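In: Here is the input, now give the coordinates:
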Amino acid sequence: MNPGRKISFVYSSITIGLVLLAGGVFFILSSHYTEVLYFRYLNEKAQIVAMERFEKDELDSIRYQNVVWRRQHSIPTSKEIFINTADLGNANKQLSEYLDNQQLKSIYDGNVINFKHDDEVGSAILYYDNEGTFAVIVLSHNPYGDEIARTIGWALIILILLTSLILFLFSRLYAIRMVNRIDADYQAEKLFVNNASHEINNPLTAIRGECEVALMRDRSGDDYRKSLQRISKETERIVNIIQHLLLFSHEKERNTEKVTVSQFLQQFAGEQTHVIIESDFEVSMKEELLQIAIRNLIDNAHKYSNGQPVIVLSTDPRKIEIIDQGIGIPKADLPRVFSPFYRAGNTEGIKGNGIGLALTKSILEKNGASIKVQSAENHGTTVSIKFPK
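Out: Numbers count the residues shown, from 1 in each chain. Got it, this is the predicted structure:
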């Protein structure tokens, strides 16, 4: 499994797990709250049925009708039991069918008792009347709890399915793509560092070898001069590579400037470089970076053109083309021409370190431009740069 899919899988699993955990906690809390609320209504129902039973002769007709109305509009009950506690033994016997010993003691202390009996729930209270003290028990099924549980359960299932679908689409369309791109960039950067180390090591080895040879015995001034010239040449090569590497890793400039293409390209005009302006426009980037990019392309074109002129064309829409009639690039090498330190198979014997095109592409793309190469071996090359609006 590639890194993108691994991260996507872990991220999705954690997120879905958190959704399940949150849903479970919500389910438990809502079920508990529903139960507490239902018992509260049962307590009120016990008070109301007791009032209707025992206060009929003490209330006026209007107040009594209000009590009846409240009872009729309260939650439904399956059973209502009234137990006279004057006969304590008989009362305990009847109450023990619904309450345990601790609950029996608690109800005589004046507490409201909520309990479960078989598949029903109930509430028990003591009601004090001039006729005596009565234990009042009401029993009811709780349809709301089951209904709420089913509703929340289905809502959680739908939520988890939707979350899984969204995470799948998000990971497919964004996360996996981005992580894979980062991984590809990391691998390319790793390869780049390895190639750079190798490229710098070659001239360093040559310099060390030249120094060792020069120091093996006494030599004439002319021999030393030749050795120093070779060392200077290799040192210059190292400096050139390092400068290109520093530029290659350069971040996009935050302070850009407006560059007018017609004026900018004139600096490259010469006997072997023909600048043609068909369309003038402005680009927004650091001029010195754009100069490095264009000069690299023109120098490349001259290098492989066998002395033929190079055309620099500014055309519409917002495009610059560098056209040469040189040796061209083999078809098999075209996909890799922008890879650092890569050189086409037909460039043997022509000096170069393979950084120029990679550096140019990096500069242009970091400033929003795109670059494309069209070429055929022995038929020249056209490099097109397209600038954003």
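In: Same question for Gly328, what's its three-state structure.
Out: coil (DSSP: H, G, I helix; E, B strand; the rest coil).
In: An error on my part: the question was meant for Ile320.
Out: strand.
In: So, low pLDDT: which residues of the stretch 251-389 of the chain?
Out: Scanning the stretch 251-389 of the chain with the threshold set as pLDDT under 70 gives 251-255, 340-342, 345-355.
In: And the stretch 1-150 of the chain, by the same measure?
Out: Using pLDDT under 70, the flagged stretches of the stretch 1-150 of the chain are 1-5, 7-8, 145.
In: gap between Ser30 and Leu156?
Out: 11 Å (Cβ to Cβ, to the nearest Å). For every residue, glycine as well, the C-beta is placed using N, CA and C.
In: Sorry, wrong one. I was asking about Lys56.
Out: 48 Å.
In: Now Tyr38. Nearest residue, chain neighbours left out?
Out: Ranked by Cβ to Cβ, 6 or more residues apart in numbering and with sequence neighbours excluded, the top spatial neighbour of Tyr38 is Asn142, at 5.2 Å.
In: quick one, what contacts the one you found?
Out: 35, 38, 120-121 (Cβ atoms under 8 Å, 6 or more residues apart in numbering).
In: Which SSE is immediately downstream of the longest helix seen in the chain?
Out: Looking across the chain with DSSP state H, the single longest helix is helix 3-54. Proceeding C-terminally, helix 3-54 gives way to helix 61-72 as the next helix or strand, assigned by DSSP states H and E.
In: just checking, His274 touches Pro309?
Out: Yes. If you go by Cβ atoms under 8 Å, His274 and Pro309 touch, sitting 5.6 Å apart.
In: shouldn't Ala46 be in contact with Leu126?
Out: No. Using Cβ under 8 Å, Ala46 is not in contact with Leu126, being 10.0 Å away.
In: Could you pull out the helices in this protein for me?
Out: Under DSSP H, the chain gives helices at 3-54, 61-72, 88-95, 101-108, 143-170, 176-215, 221-248, 261-265, 287-303, 356-366.
In: can you pull the contacts of the residue nearest to Asp129 when sequence neighbours are not counted?
Out: Spatial nearest neighbour of Asp129, chain neighbours left out: Phe54 (4.3 Å); criterion: Cβ to Cβ, 6+ apart. Neighbouring residues of Phe54 by Cβ under 8 Å, 6+ apart: 127, 129, 131, 134.
In: For the first one, grab the count of nearby residues.
Out: Meaning Tyr127. 19 (other Cβ atoms under 10 Å).
In: how many other residues sit next to Phe387?
Out: Neighbours around Phe387, by other Cβ under 10 Å: 21.
In: Would you check that Tyr38 makes contact with Ile75?
Out: Yes. Tyr38 is within contact range of Ile75, at 7.3 Å (criterion: Cβ under 8 Å).
In: still on that earlier bit, spell out which two among the contacts of Phe54 are the most distant pair, please.
Out: For those, the farthest-apart pair by Cβ to Cβ is Tyr127 and Glu131; their separation is 10.1 Å.
In: isn't Glu257 right up against Glu282?
Out: No. The pair Glu257 / Glu282 is not scored as a contact, 9.8 Å apart, by Cβ under 8 Å.
In: Can you list the buried residues in stretch 372-389?
Out: Under the neighbour-count criterion of 16 or more other Cβ atoms under 10 Å, stretch 372-389 has 373, 375, 377, 380-385, 387 buried.
In: no, scratch that, I was asking about stretch 52-60
Out: Judged by neighbour count (16+ other Cβ under 10 Å), stretch 52-60 contains these buried residues: 52-54.
In: Out of those, the closest to Asn240 would be?
Out: Glu52 (103.3 Å).
In: and the protein, what are its domains?
Out: Domain segmentation of the chain under automatic domain parsing yields 79-140, 258-386.
In: Since that was my last question, I'll sign off now.
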